[in-house]
Structures are given as C-alpha cells and as structure tokens.
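Participant: pasted the sequence and its predicted model underneath.
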Amino acid sequence: MPSPNAYISLHDVYTLSAYDEVSLGNPLMLAIDGAHGKLRLAVFFSDRENDYAKRLADAINGVKP
C-alpha cells in the first residue's frame, strides 16, 4: 500500500542545518530555525547501507548564509 504524499510549507526561515543521526535507523535530521520557532524533522531513507544521510547533511551544512 503506498503512503500518502505530504507537503510542508515553511516561511520566514532563518537557518537550516542538518546532521545524520547514528542511532534510530540513521535518519537525516533537519534543524530549521525561523521567526515562528524551531522545527526538528527526521527523514528516514529506505537505503540505510550507504552514507547518504551523512553526505546530504554535509552538503546542507556546507552552504554558508
């Protein structure tokens, strides 16, 4: 059974940072800080065998404001 699609719209974001969580299935953790507070979001990828979450976190954090 397919999962439903989700859409999230965030406005007035100040910063976005990320890290890969070593436990809990190795999700990509997004830390979003903005005018309306802080949001933490975990994204779990189906392929946990490679360092995909870590490489995404490194790429996101490599962007300078």
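Facilitator: Happy to help now that I have it. Residues are numbered from 1 along each chain as shown.
Participant: which residue sits closest to the spatially most central residue of the chain, ignoring its sequence neighbours?
Facilitator: By C-alpha atoms, centre = their mean, the mean C-alpha position of the chain lies nearest to L30, the distance being 3.1 Å. Of all residues not flanking L30 in the chain, L41 sits nearest, at 4.4 Å (C-beta to C-beta, 6 or more residues apart in numbering). For every residue, glycine as well, the C-beta is placed using N, CA and C.
Participant: give me the sheet partners of the strand or helix carrying the one you found and which way each runs.
Facilitator: L41 is part of strand 37-43, with elements assigned from DSSP states H and E. Applying DSSP bridges, strand 37-43 is found paired with strand 28-34 (antiparallel).
Participant: next, the buried residues of the partner strand.
Facilitator: L28, M29, L30, I32 (16 or more other C-beta atoms under 10 Å).
Participant: which residue sits closest to the last one in space, ignoring its chain neighbours?
Facilitator: This means I32. Nearest to I32 is L39, by C-beta to C-beta, 6+ apart, at 4.4 Å.
Participant: just the CA trace of stretch 4-18, in CSV.
Facilitator: Taking Å, rounded to 0.1, in the frame of the first residue of the first chain, the C-alpha atoms of stretch 4-18 are listed here in CSV:
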residue,chain,number,x,y,z
PRO,A,4,0.2,9.3,1.2
ASN,A,5,2.2,12.3,-0.1
ALA,A,6,2.9,15.1,2.3
TYR,A,7,3.6,18.8,1.6
ILE,A,8,5.1,21.2,4.2
SER,A,9,5.5,24.9,3.6
LEU,A,10,7.7,26.9,6.0
HIS,A,11,8.0,30.6,5.8
ASP,A,12,10.4,33.1,7.5
VAL,A,13,13.1,30.5,7.9
TYR,A,14,16.4,31.9,9.3
THR,A,15,18.7,28.9,9.1
LEU,A,16,18.7,25.3,8.0
SER,A,17,21.2,22.8,9.4
ALA,A,18,21.4,19.1,9.3
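Participant: contacts for it next, please.
Facilitator: By C-beta atoms under 8 Å, 6 or more residues apart in numbering, the residues outside stretch 4-18 that reach it are 28-36, 39, 56-57, 60-61, 65.
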